[in-house]
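*Asks:* this one's sequence-less:
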């Protein structure tokens, strides 16, 4: 089972709280964090089914696309990328890395106004391939990846045992949401009561709950997990970013936070996911009665910083000018 460490964080300080960060970002370089967890069971399924082609769906700068492409190629599976966009974007960040891994002949662009039908297009493409294939939706949010995602909760229980503590609150971000869903289901399976705070970055609350219910029903039918729905959603809290709220949006405040976190804690965070989570957690913890043992999940995504070099350089230059 994958295991990542926890340690106290300096970016957020409150006398009545002990605040830790879980370093899933340290699980690997090219493939990091909670993604690596869900890939464990997904790749097992792909290997077991002797699948030779995979149609991956996502944005041009998707962490999931670049991470999963690496592992599929390693396993001898040919990735075909169905990317959102009306034209080929700049070769930078994750798209630069994806283009190193997958030739342009296997990259298909789906216009934004046709994006709702992208899974249908990918399924149609996959059916025409001569060998067995699979369609992997955005974020690999699929039942084959659920067993791996459940390991996050188990690993946190191990962190608690190692440090002789129990967490009262856990903060996690949600893009497509499978990591957060795995955390919720994993803790409920162990009957572990904890308040889970979810930063919604792509979906709204109703969409997240719809996905949670689908995975909950799958878990119930496949594994006979006897957990009531009302019990399942107890203790879940939802938030939206307190700055640059649109998915993929960034601003000066986010880059300021990235610099502060790096210089105070030695942790690299990205402006789309992890930096926004730490900013939201800081505001929420300091402005509320949240106390006790608190854990923030760093889900990885540091490679995404490659796409924001100009913004970071500009922000650092302003910091230098102010201090001189």
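*Replies:* Looks like it arrived, so ask away. Here the structure is a predicted model, which means the values were calculated and not measured.
*Asks:* tell me where the stretch 201-324 of the chain has strands.
*Replies:* For the stretch 201-324 of the chain, the strands defined by DSSP state E, counting those that start in this stretch occupy 236-239, 292-298.
*Asks:* for the first one, which positions count as buried?
*Replies:* Residues 236, 239 are the ones in strand 236-239 that count as buried (16 or more other Cβ atoms under 10 Å). (C-beta placed from N, C-alpha, C; glycine too.)
*Asks:* try stretch 123-136
*Replies:* So for stretch 123-136, counting by 16+ other Cβ under 10 Å, buried means 125, 126, 133, 134, 135, 136.
*Asks:* can you tell me the element the second one falls in?
*Replies:* Pointing back at residue 126 there. Following DSSP states H and E, one finds residue 126 within helix 118-127.
*Asks:* helices and strands around that helix, which ones?
*Replies:* Counting contacts by 3 or more Cβ pairs under 8 Å, 6 or more residues apart in numbering; DSSP states H and E, helix 118-127 packs against strand 53-59, strand 78-84, strand 107-110, strand 133-136.
*Asks:* contacting residues around it?
*Replies:* By Cβ atoms under 8 Å, 6 or more residues apart in numbering, the surrounding residues in contact with helix 118-127 are 53, 55, 57, 80, 82, 84, 108, 110, 114, 133-135, 137.
*Asks:* 10 Å instead?
*Replies:* Residues from elsewhere that reach helix 118-127 (Cβ atoms under 10 Å, 6 or more residues apart in numbering): 51, 53-58, 80-84, 108, 110-111, 114-115, 117, 132-138.
*Asks:* the residues you listed, buried ones only, as a PyMOL selection?
*Replies:* In PyMOL, this line selects whichever of those come out buried by 16+ other Cβ under 10 Å:
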select buried, resi 51+53+54+55+56+57+58+80+81+82+83+84+108+110+115+133+134+135+136+137+138
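*Asks:* make a markdown table out of the strands of the stretch 201-324 of the chain and add mean pLDDT and distance to residue 304.
*Replies:* Listed next are the strands of the stretch 201-324 of the chain as a markdown table, based on pLDDT from 0 to 100; distance: least, Cβ to Cβ, whole Å:
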| stretch | mean pLDDT | distance to residue 304 |
| --- | --- | --- |
| strand 236-239 | 98 | 21 |
| strand 292-298 | 98 | 13 |
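*Asks:* how about these in a markdown table, adding distance to residue 268?
*Replies:* What follows is these, written out as a markdown table (distance: least, Cβ to Cβ, whole Å):
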| stretch | distance to residue 268 |
| --- | --- |
| strand 236-239 | 23 |
| strand 292-298 | 9 |
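*Asks:* out of those, which comes closest to residue 173?
*Replies:* strand 292-298 (7.7 Å; Cβ to Cβ).
*Asks:* what is that closest one packed up against?
*Replies:* Where contact means 3 or more Cβ pairs under 10 Å, 6 or more residues apart in numbering; DSSP states H and E, strand 292-298 is packed against strand 6-8, strand 17-23, helix 33-48, helix 151-163, strand 169-174, helix 178-189, strand 195-200, helix 274-286.
*Asks:* can you do 8 Å?
*Replies:* Packed against strand 292-298 by the contact rule (3+ Cβ pairs under 8 Å, 6+ apart) you find strand 17-23, helix 151-163, strand 169-174, helix 274-286.
*Asks:* for residue 233, which of those is the nearest?
*Replies:* Of all the helices and strands packed on strand 292-298, strand 169-174 comes closest under Cβ to Cβ, at 14.3 Å.
*Asks:* give me the angle between the closest one and helix 274-286.
*Replies:* 150 degrees (axes from the mean of the first three to the mean of the last three Cα atoms, to 10 degrees).
*Asks:* mind listing the strands strand 169-174 pairs with, and their directions?
*Replies:* strand 195-200 (parallel), strand 292-298 (parallel) (DSSP bridges).
*Asks:* residue 240: which of the ones you listed is closest?
*Replies:* strand 195-200 (5.8 Å).
*Asks:* avg pLDDT for that closest one?
*Replies:* Strand 195-200 carries an average pLDDT of 98.
*Asks:* and if you look at stretch 70-84?
*Replies:* On average, stretch 70-84 scores 97.
*Asks:* and if you look at stretch 46-55?
*Replies:* Rounded mean pLDDT across stretch 46-55 is 98.
*Asks:* show residues contacting that stretch.
*Replies:* Taking Cβ under 8 Å, 6+ apart as the rule, stretch 46-55 contacts 68, 72, 75-82, 122-123, 125-126, 129, 131-136, 144.
*Asks:* 6 Å - rerun?
*Replies:* Contacts of stretch 46-55 from elsewhere in the structure, counted by Cβ atoms under 6 Å, 6 or more residues apart in numbering, are 72, 77-80, 82, 122, 125-126, 129, 131-136.
*Asks:* below-threshold pLDDT in the stretch 201-324 of the chain: ranges please.
*Replies:* Within the stretch 201-324 of the chain, the ranges that satisfy pLDDT under 70 run 223-225, 324.
*Asks:* sweet, I'm off.
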